[in-house]
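K.L.:
coords please:
(one chain, ligands or ions: 2)
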Amino acid sequence: MIRSILIHPDPRLKKLCDPVTEITGEVRQLAADMLETMYDAPGIGLAAPQVGVMRRVLVMDCIKEGTPEPMVLINPAVIWASEDQTVYEEGCLSIPDQYADVKRPAEVQVRWTDLHGVEQERQFAGIWATCVQHEIDHLDGKLFIDYLGPLKRQMITRKMEKLKRERARELTVR
Ligand code: K2U
Ligand code: ZN
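P.N.:
Numbers count the residues shown, from 1 in each chain. Ligands and ions are numbered 1, 2, ... in the order given. Coordinates of the predicted model:
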């Protein structure tokens, strides 16, 4: 089912998430819900804390020529990062309609456990390197605005607080 996405500022988005110790039916259901929620947003990545679950699970869709390739990464870790960095104008489903340039390693090697409990390893480049680093940051309570200067971060946070007040008012007025 589609789960609601937490909006910054929210303490749950700043927490360090717990590793998954056993791949239960509940973890499988979470991953399925996260993929459904990601596609609905739409987005190309989503981390469990964004739907309020403080577990080290992220989903991505490395869309290649149209054939969706949904990926579920459990307990992901960057084991190598290139010296080269790239800048990408990032956004975040938890910080709607705000975009800013973020510099990250251009390529990363990531190790994770898949839904079948099998250990995987893959090197990511391009937008997928950016996305997987953005999602792993979420598992460590880090948002892309944490890479910005204090003034820009504060301006975005103020905008989000206003948005949340408006959304709350809509709900009460209705
Ligand atoms: O984690 C999230 O909030 C989903 C992010 C993932 C992402 C952020 C920056 C750069 C790449 C991925 C996005 O909202 S997904 C939306 C999107 C779609 C296409 C390209 C970039 C971002
Ligand atoms: Zn995000």
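K.L.:
The longest strand seen in the chain and ligand 1 in contact?
P.N.:
Secondary structure of the chain read by DSSP state E shows that its longest strand is strand 70-81. No - using CB under 6 Å from any ligand atom, strand 70-81 stays clear of ligand 1, with a minimum separation of 12.5 Å. For the C-beta atoms, the positions are set from N, CA and C on the backbone; glycine is no exception.
K.L.:
buried sites along the helix or strand that contains Ile136?
P.N.:
Using DSSP states H and E, Ile136 maps to helix 126-139. For helix 126-139, burial by neighbour count (16 or more other CB atoms under 10 Å) applies to Trp128, Ala129, Thr130, Cys131, Val132, Gln133, His134, Glu135, Ile136, Asp137, His138, Leu139.
K.L.:
neighbouring strands for the following helix or strand past the longest strand of the chain, and are they parallel or not?
P.N.:
The C-terminal neighbour of strand 70-81 among helices and strands, as given by DSSP H and E, is strand 85-90. Strand 85-90 sits in its sheet next to strand 100-105 (antiparallel), going by DSSP bridges.
K.L.:
got the buried residues for the partner strand?
P.N.:
For strand 100-105, by 16+ other CB under 10 Å, it's Ala100, Val102, Arg104, Pro105.
K.L.:
again, but for stretch 85-97
P.N.:
For stretch 85-97, by 16+ other CB under 10 Å, it's Thr86, Tyr88, Glu90, Cys92, Leu93, Ser94, Ile95.
K.L.:
go on, stretch 22-38?
P.N.:
Buried-residue list, stretch 22-38, by 16+ other CB under 10 Å: Ile23, Val27, Leu30, Ala31, Asp33, Met34, Leu35, Glu36, Thr37, Met38.
K.L.:
cool, stretch 151-164 as well?
P.N.:
Neighbour-count burial for stretch 151-164 flags Arg153, Ile156, Thr157, Met160, Leu163 (criterion: 16+ other CB under 10 Å).
K.L.:
Contact partners for the second one?
P.N.:
Applying CB atoms under 8 Å, 6 or more residues apart in numbering, one finds that Ile156 lies in contact with His8, Ile95, Gln98, Ala100, Ile145, Leu148.
K.L.:
for this structure, which helix is longest?
P.N.:
Secondary structure of the chain per DSSP state H: the longest helix is helix 150-173.
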